[in-house]
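S.K.: Return atomic coordinates for the entry below.
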Amino acid sequence: MKENTLIISPKTKVLHLIETYPELEEVLIELVPAFTKLRNPVLRKTVARITTLQQAAQVGQIELELLINRLRAAVGQDALALDKASVQAQAECPDWVKQFPLYKELDARPMLEAGEHPVGQVLEDLKQMPSGYKYLLIAPFLPAPLIDKAKSLGAMHHAEQSNPQTFKVYFRM
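M.R.: Coordinates of the predicted model:
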């Protein structure tokens, strides 16, 4: 293991990881194909800067311990044993997803294809959404960093995968 280098953990930011260990970019993309978009300079500086490896595991639907330990092994770090109880299980669809009327729907796929990020638009929409409504975000991967930002505003969410390339994330305030 290199001395005075980043110790890879679930809280490690993706940008910090690939700047410290450039050789891990391809390992990360192999494990989480959605991170192929890291090659886009805009997404690299926005998404990778705020995304932790824990969130990357959610995006890639890969076990966190496997992701961390594959990356650690590639740079000669010892394996890490994670507390399995800390891994959150996917919750059943809450009643509000079925009962609340739709306030707005945003399909983020065209924005992401154009190299834009929907975080600002979604957060602004959520701030304006009246109580008792839901918001639907459609994305090609689970937008874990965006969900964390929305939660910091007090939003609740429910995510479901419609098909391998489509995630629907419902928010309510």
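S.K.: Please count neighbours and contacts with C-alpha atoms only from this point.
M.R.: Will do.
S.K.: in the protein, which segments are predicted with low confidence?
M.R.: Of all residues in the chain, those with pLDDT under 70 make up the ranges 1-4, 83-91.
S.K.: which residues in the chain form helices?
M.R.: 14-20, 24-31, 41-50, 53-60, 64-74, 95-99, 109-113, 119-128, 144-152 (DSSP state H).
S.K.: could you measure the most centrally placed residue in the chain against residue 34, distance?
M.R.: Closest residue to the average C-alpha location of the chain: residue 144 at 2.7 Å, with C-alpha atoms, centre = their mean. Per C-alpha to C-alpha, to the nearest Å, residue 144 is found 12 Å from residue 34.
S.K.: Residue 44 and residue 38 touch, don't they?
M.R.: Yes: using C-alpha atoms under 8 Å, residue 44 is in contact with residue 38, at 4.7 Å.
S.K.: Going by neighbour count, list what's buried in stretch 43-56.
M.R.: 43-44, 47-48, 50-56 (16 or more other C-alpha atoms under 10 Å).
S.K.: Just the CA atoms of it, as PDB, please.
M.R.: Only the C-alpha atoms of stretch 43-56 are listed here, as PDB (Å, rounded to 0.1, in the frame of the first residue of the first chain):
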ATOM      1  CA  LEU A  43     -20.500  15.200 -14.800                       C
ATOM      2  CA  ARG A  44     -17.000  14.300 -13.500                       C
ATOM      3  CA  LYS A  45     -16.800  17.700 -11.700                       C
ATOM      4  CA  THR A  46     -20.400  17.700 -10.500                       C
ATOM      5  CA  VAL A  47     -21.600  14.200  -9.900                       C
ATOM      6  CA  ALA A  48     -18.200  12.600  -8.900                       C
ATOM      7  CA  ARG A  49     -17.400  15.500  -6.600                       C
ATOM      8  CA  ILE A  50     -20.500  14.800  -4.400                       C
ATOM      9  CA  THR A  51     -21.000  11.100  -4.800                       C
ATOM     10  CA  THR A  52     -19.700   8.700  -2.200                       C
ATOM     11  CA  LEU A  53     -18.800   5.100  -2.900                       C
ATOM     12  CA  GLN A  54     -21.800   4.100  -0.800                       C
ATOM     13  CA  GLN A  55     -24.000   6.100  -3.100                       C
ATOM     14  CA  ALA A  56     -22.100   4.600  -6.100                       C
END
